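Chemist: Have a look at this prediction, sequence included:
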Amino acid sequence: MQLPGERGDGHSGTSCRRVASPTLATPSAIGALCERMPTTVQSKVQTYNNFIDGEWVPSRTGKVFENRNPADQDDLIGLFQESSVDDAQAAIVAAERAYEHWRLVPAPKRAELLFRAAQLIVERKEQFARDMTREMGKVLEETRGDVQEAIDMTYFMAGEGRRQHGQTVPSELRDKFAMSVRQPLGVCSMITPWNFPMAIPSWKIMPALVCGNTVVFKPATLTPLSALNFVKVLEDAGIPKGVVNFVTGGADVGTLLSRHDAVKVVSFTGSTQVGRMVSENAAPGFKKCHLEMGGKNIIMIMDDAQLELAVEGCLWGGFGTTGQRCTAASRVVVHEKVYDAFVEQFTRRAKALRVGPGLNENNQVGPSVSESQLNTVMSYVEIGKKEGATLLAGGHRLDSGDFGRGFFHEPTIFGDVHPKMRIAQEEIFGPVVSVMRCRSLDEAIAIGNGVAYGLSASIYTRDINKAFTAMRDIYTGIFYVNAPTIGAEVHLPFGGTKATGNGHREAGTAALDVFSEWKSIYVDFSGKLQRAQIDTQEL
Ligand code: NAD
């Protein structure tokens, strides 16, 4: 169904002045506002729809929410559907219906569609990166990387259409064949965060599709445009109606997607706090529940480390994506023999980082994604000071001149941090790094393991024995040697331990385990009853 005045691409044009308040606005309220505004300040604001059962449709609520540029709050990117549980319900029903057809499409054919999707993302990469920087702030170089990751994952999972290997094993009995095959589960709910707004959806949706499942996708409200761009690619690649559904909205939509009886898999990436709620909502229905949550990752720098390399790693790991990565190196522990030298270099280099809007290629660090995220950063700076850590660099919001229209903060480093301080224990998700001292590798590992989370860790050392010891003894899902805690590749499993994850893994062939389940098959071609598990003398 296409509404009057809508294009068939998820957008509908609305010529309107920017709505000043970041609160909900109904289309009629916006219309009234438009009429009152002088034409000189008019600009084109698009309204974007949900994608349900192959159609771009507005929410039944009639409400929309704003998507604004975190580097410039005067820049209104678009209006998105403030959906209700009714919209989510319609999407689930569509996905349930579509499953009956999609599960029977041969996996290599499903994969052909993924190949086409990957090609389309390649063609649209630059525009997608620009849209992403505009809506969530990270610098262009990084948003290009985010889109590239979606391309890599889509090609990788397309390849899995011709694999999805099962096992064939010898049977205990004569004239009997034994094997296992993967089977899809049905409707999968995908609930995603804003920090990797195209990569993370691709990590979930592509393996789900290639395994034969159907999808209802709810992105973070801060990054609906990148999510919509991704869904549009799937539509243009020829995804059958109902196989992928897209619903924008908040916690109530996410709650229904976690609870609904027809949903068989919930795949969630986001904070540990929300992940716990998702887990509780999914449990009574015995759904497969895949959680990727918060992190408090560490870089360990030994006294034999190549110090300049370690400094480079800490800058990229700590301040890349403005510290808003689940794998961000928000903790650094340094051997006391090189602590002063490291801190001097790290602080000097952090102060020289160029902060500003990500669309300017000259900038290295963009804004925080939202006012609330910036407030979290500023509150942790105060906590760090009160806890007695030494503020070595940064510590302030940047709000003079053009900075004032965005959510910018100085790259911030605390030294003399005690491992039990809150700034060393809690996820801040901003440009704040805590530096601690250690006297030995054992102490560094104990500090590394001494947090609730377990996503990523790294060591800088030239001693292979130390590298392997740390690799074995750090309890995280990802580990790096002589590299920062960030930079995963799509063909290895991705995920964490403890409060970061619940045992599943994203990416690589491990992702297939989330979106399929095993069926073991025995074929007896003896023509008589053969009894397994019963003692027999026959050879
Ligand atoms: P968030 O938990 O606030 O939101 C994540 C998603 O959950 C959003 O789509 C949100 O709308 C939805 N949601 C909110 N309440 C819900 C509810 N009650 N039920 C169901 N869904 C609900 O997280 P965020 O701020 O978008 O992202 C930042 C967090 O994500 C950080 O903690 C970060 O570490 C984590 N993260 C983890 C990984 C990983 O792989 N481990 C990757 C990226 C981000």
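Modeler: Sure thing, it's come through.
Chemist: What residues does the protein have near the ligand?
Modeler: For the chain, the contact set with the ligand under Cβ under 6 Å from any ligand atom comprises 191-196, 218-221, 250-251, 254-255, 258, 269-271, 274, 277-278, 292-295, 326, 427, 429, 455, 496, 500. Using the backbone N, CA and C atoms, a C-beta is placed for each residue, glycine as well.
Chemist: For ChimeraX, what selects the buried ones among those?
Modeler: The ChimeraX selection below is limited to those of the residues of the chain next to the ligand classed as buried (16 or more other Cβ atoms under 10 Å):
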select :191,192,193,194,195,196,218,219,220,221,254,255,258,269,270,274,277,278,292,293,294,295,326,427,429,455,496,500
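Chemist: Could you tell me which of the residues of the chain next to the ligand are located in strands?
Modeler: Ile191, Lys218, Thr269, Glu292 (DSSP state E).
Chemist: Same list, those, but as JSON lines with distance to Phe156 and pLDDT please.
Modeler: Output for these, formatted as JSON lines (distance: Cβ to Cβ, whole Å; pLDDT from 0 to 100):
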{"residue": "Ile191", "distance to Phe156": "22", "pLDDT": "98"}
{"residue": "Lys218", "distance to Phe156": "24", "pLDDT": "98"}
{"residue": "Thr269", "distance to Phe156": "18", "pLDDT": "98"}
{"residue": "Glu292", "distance to Phe156": "18", "pLDDT": "98"}
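Chemist: for these, which one is nearest Thr321?
Modeler: Of all these, Thr321 sits closest to Thr269, with 14.6 Å by Cβ to Cβ.
Chemist: The closest one is in contact with Thr192, isn't it?
Modeler: Yes. Thr269 lies in contact with Thr192 (Cβ atoms under 8 Å); the separation is 5.5 Å.
Chemist: so what's in contact with those two at the same time?
Modeler: Taking Cβ atoms under 8 Å, 6 or more residues apart in numbering as the contact rule, Thr269 and Thr192 both touch Ile200, Lys204.
Chemist: related to what we said a few turns ago, of the ones in strands among the residues of the chain next to the ligand, closest to Asn50?
Modeler: Nearest to Asn50, judged by Cβ to Cβ, of those is Lys218 at 9.9 Å.
Chemist: Who does that closest one form a beta bridge with?
Modeler: Here Lys218 sits in beta bridges with Ile191, going by DSSP bridges.
Chemist: And it, how far from Pro419?
Modeler: For Lys218, the distance to Pro419 equals 37 Å [Cβ to Cβ, to the nearest Å].
Chemist: In which helix or strand does Asp513 reside?
Modeler: helix 510-514 (DSSP states H and E).
Chemist: what do you get for Arg130?
Modeler: helix 107-136.
Chemist: Contacts only, for whichever residue of the stretch 301-450 of the chain sits closest to the ligand.
Modeler: Closest residue of the stretch 301-450 of the chain to the ligand, Cβ to the nearest ligand atom: Cys326 (3.1 Å). Counting by Cβ under 8 Å, 6+ apart, Cys326 touches Asn195, Thr269, Glu292, Met293, Gly294, Gly295, Leu455, Gly496, Thr500.
Chemist: Quick check, the last one in contact with Leu455.
Modeler: Yes. Under the criterion of Cβ under 8 Å, Thr500 lies in contact with Leu455, with a separation of 4.4 Å.
Chemist: joint contacts of these two?
Modeler: Both Thr500 and Leu455 are contacted by Gly294, Gly295, Cys326, Thr476, Gly477, under the criterion Cβ under 8 Å, 6+ apart.
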